[in-house]
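Trainee: Everything below, folded, please.
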Amino acid sequence: MSDKNNTLKTKKKQYKHLKKDDRIKIETLVSQVDENGKRLYSNKYIADYIGVHKSTIGRELKNRIKSKIYVRTGRVKNKPYNAIDAQNDYNFKRSMSRPECKLDKYPKMKKFILDKIKNDKWMPDAIIGYMNRHNYFNRNGFCKITTQAIYYDIRHKLIDVEIEEMRRMKYDPKYEYHETKDVSESKKEYSIEKRPKEIEERLVFGHFELDTVVGTSKGVHECLMTLTERKTRFEMIFKIKSKNSEEIVKKWNQIKDFMKVNFNKIFKSVTTDNGTEFSKFLDIMEGTKMDFYFCHPYCSGEKGTNERNNEIIRYFIPKGTLIETYSYEQINEITKWMNNYPRKSLDYKTPLEALLEEFNNKAVINKIYKLQEKINC
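Mentor: Residues are numbered from 1 along each chain as shown. Predicted structure coming up:
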């Protein structure tokens, strides 16, 4: 078969930058000469030895051997190739080769993105998703941009945003995995293994995940009871006086009293972990049609939606901070922010927008929306 008719694509060598060790090898091989001063090793031989194309070696020698030196005879000759000088020259040029910040060409879009990051506490992915969903990229003063481009600008300080302002760039969380264990005998009837498929696949509204968030583990202090609806990711956060079963039951009774006949329309099931504060779950279920499910021990990821939202709460209320220092109004503002934050899992709709799509009954919507404010007062 002739080369012209050959349709098979040959894999080209992957382009790569020369490293310091490569340059030391080049210097060593280039300096080897015979008795007439002629090099023993050609560019092709050096290229094959290092694993690059011969033109790479040609460019390296041409670009780095530029300065002239005078010898005793008065003759001018090129300065010999030096690996250290070549590496320093490379490092300098690389430091100056950062691309221009795309946002500088579009000040209107830059102002919008900076405002969302610094004032609204949005992450780049949510900003890009929101802009795409609301057709911002077709407006004057805006252009197509990616999430990675914004992160790049932040890391290289091309825009006025500090890494400390980005909750996902500050640290790399380390997860500790545990072997899955069975739910205790007293709770086997309510094991997550018996949870219906419609809850698992988030097909129906009304199935919540429950947990508590503490400020500090030292002493008895106020904490938060968090509720996350699985389908819409709608969040509710309630302050309780301490992390115990009595306070949890008391708060649920307040919710039942406020919701009245609408309670069973909203709360169809609750999934939680095996914390002692949920030991009186039968008292929570009393007088309702609500189901209760427990995750396997040490498997909090089975209620991952709630855990993810608790991470967001930690952005506003860091670990070790007393919950008592936050007013009811501040807790309600955090909840409001979370319910108006675009989620990738919802195709960049907000939880509130997803909630409004679930009900045509304005009375029920108002009850849900006012629940947070009425209970936290």
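Trainee: Am I right that residue 227 is in a strand?
Mentor: Yes - according to DSSP: H, G, I helix; E, B strand; the rest coil, the state of residue 227 is that of a strand.
Trainee: number of nearby residues for it?
Mentor: 23 (other Cβ atoms under 10 Å). Glycine gets a C-beta too; all of them are placed from N, C-alpha and C.
Trainee: From residue 289, how far out is it?
Mentor: With distances defined as Cβ to Cβ, to the nearest Å, the gap from residue 227 to residue 289 amounts to 17 Å.
Trainee: swap in residue 271?
Mentor: According to Cβ to Cβ, residue 271 stands 16 Å off from residue 289.
Trainee: Would you mind writing the CA trace of stretch 54-63 as CSV?
Mentor: Below are the C-alpha coordinates for stretch 54-63, written out as CSV (Å, rounded to 0.1, in the frame of the first residue of the first chain):
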residue,chain,number,x,y,z
LYS,A,54,15.6,16.7,16.5
SER,A,55,14.2,20.2,15.7
THR,A,56,13.7,20.7,19.5
ILE,A,57,17.5,20.2,20.0
GLY,A,58,18.2,22.5,17.0
ARG,A,59,16.0,25.3,18.5
GLU,A,60,17.4,24.8,21.9
LEU,A,61,21.0,25.3,20.7
LYS,A,62,20.1,28.1,18.4
ASN,A,63,18.1,30.1,21.0
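Trainee: Show me what that stretch is in contact with.
Mentor: Residues external to stretch 54-63 that are found in contact with it (Cβ atoms under 8 Å, 6 or more residues apart in numbering): 18, 23, 26, 30, 43-44, 46-48, 50, 81, 86.
Trainee: can you do 7 Å?
Mentor: Stretch 54-63 is contacted by residues 18, 26, 43-44, 46-47, 81 when judged by Cβ atoms under 7 Å, 6 or more residues apart in numbering.
Trainee: Could you pull out the helices in the stretch 201-350 of the chain for me?
Mentor: Listed in chain order, the helices of the stretch 201-350 of the chain (DSSP state H, counting those that start in this stretch) span residues 245-259, 263-266, 281-285, 304-316, 328-339.
Trainee: How about the contacts made by the closest residue to residue 267 other than its chain neighbours?
Mentor: On the basis of Cβ to Cβ, 6 or more residues apart in numbering, the spatially nearest residue to residue 267 that is not a chain neighbour turns out to be residue 290, at 5.0 Å. Residues near residue 290 by Cβ under 7 Å, 6+ apart: 267-270.
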